[in-house]
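A.B. asks: Below are the sequence and a predicted model; questions follow.
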Amino acid sequence: MATQDLEARRLATLRAYAIDQAMARFREDYPDFRPEPIVASICAYEEEGAIGGVLDKMPPAIDGHAYTTLVVVDGGRDRTAEICRSYPGVKVIEFPVNLGHGVALQVTYRYCIDEGVQHVITLDADGQNDPAEMPQLLAPLLEDRADFVVASRRLGEDRTSDRFRKLGVHFFSFVMNRMTGANLTDTSTGYRALRVAMLADVVDRLRQEQYQTAELLITCLKRGWRATEVPTVWHPRQAGSTKKGKNWLFGFRYAKVVFGTWWRER
């Protein structure tokens, strides 16, 4: 047990050091920068073939509201960070090593909390999400009808061809609804809009380095925050390959997060 505790502390210290290095460079790159009240956040790991296409589609405003595009580059050895920095107005936090998608999201949340941001939209770097849909995602937050808005493939259209993943969307939605009393059709999508006040309430409870979608949603629902969903069109990945691993391994790990978070928050 002592050896395990020492290893956990060592890894936590190294992770904190890497994040500190990334934020120090961010402040050096963008001195005196303050984000808009709305942030669109993209976490990217080795997505040089797709990230440019995503940034090309980012609108100048979200239904008339100014916003900041923030890309958290989760390490990697390709040109993802270089490509993002070539886009005027895009702000980049670059980790020196790969820390995991969940860690990248936690850094996004803490940055938005610290900077007084009101709403954050998270979308994927692989081109599966259409940035043109951001106004529909944001509307329930601005109208104070929800605190957590999910983009649902089942209410809209899923143009991908992986039947196993589609089955998983149905299965995990059923399980998580039973656990939380919610009535959502898609609980495993990373395309969502979030109230930052809600994130401030839950961020210290988040533990997952990967597969944080389920952890965040279950934690927020269990703490009484309101969730709703809007239709989305889910597109095939534009380039590269998924970082989630083989279907069976992804399903196993995701289930472990779902049941582990429910047990913790019950």
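C.D. replies: It's in.
A.B. asks: Find the nearest non-adjacent residue to K222, please.
C.D. replies: What sits nearest to K222 in space, not counting adjacent residues and going by C-beta to C-beta, 6 or more residues apart in numbering, is E265, at 4.1 Å. (C-beta placed from N, C-alpha, C; glycine too.)
A.B. asks: what's near enough to touch that neighbour?
C.D. replies: 205, 218-219, 222-223 (C-beta atoms under 8 Å, 6 or more residues apart in numbering).
A.B. asks: can you confirm L184 is in a helix?
C.D. replies: No. Going by DSSP: H, G, I helix; E, B strand; the rest coil, the assignment for L184 is coil, not a helix.
A.B. asks: Surely it touches S152?
C.D. replies: Yes. Here L184 reaches S152: they are 7.3 Å apart, a contact under C-beta atoms under 8 Å.
A.B. asks: so what sits against both of these two?
C.D. replies: E229.
A.B. asks: could you point out which element follows whichever helix or strand R27 is part of?
C.D. replies: Assigned by DSSP states H and E, R27 falls within helix 2-29. With elements assigned by DSSP H and E, the helix or strand that comes after helix 2-29 is strand 38-44.
A.B. asks: From the contact counts, what lies against the helix or strand following that following strand?
C.D. replies: Next in sequence after strand 38-44, counting helices and strands by DSSP H and E, comes helix 51-57. When contacts are defined as 3 or more C-beta pairs under 8 Å, 6 or more residues apart in numbering; DSSP states H and E, helix 51-57 packs onto strand 38-44, strand 68-73, helix 80-85.
A.B. asks: Just put the ones you listed in a markdown table and tack on distance to F164 and mean pLDDT.
C.D. replies: Formatted as a markdown table, the helices and strands packed on helix 51-57 follow (distance: least, C-beta to C-beta, whole Å; pLDDT from 0 to 100):
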| stretch | distance to F164 | mean pLDDT |
| --- | --- | --- |
| strand 38-44 | 24 | 98 |
| strand 68-73 | 28 | 98 |
| helix 80-85 | 27 | 98 |
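A.B. asks: need these in CSV with mean neighbour count and distance to Q106, can you?
C.D. replies: Formatted as CSV, the helices and strands packed on helix 51-57 follow (neighbours: other C-beta atoms under 10 Å; distance: least, C-beta to C-beta, whole Å):
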stretch, mean neighbour count, distance to Q106
strand 38-44, 25, 10
strand 68-73, 25, 10
helix 80-85, 20, 19
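A.B. asks: Find the helix or strand that the closest residue in space to D29 that isn't next to it in sequence is a member of.
C.D. replies: Distances taken as C-beta to C-beta, 6+ apart place V92 nearest to D29, at 7.3 Å, with adjacent residues excluded. Per DSSP H and E: V92 is located in strand 91-94.
A.B. asks: counting contacts, what elements does that strand pack onto?
C.D. replies: helix 2-29, strand 68-73, helix 80-85, helix 101-114.
A.B. asks: repeat that with 10 Å
C.D. replies: Strand 91-94 sits against helix 2-29, strand 38-44, strand 68-73, helix 80-85, helix 101-114, with contacts defined as 3 or more C-beta pairs under 10 Å, 6 or more residues apart in numbering; DSSP states H and E.
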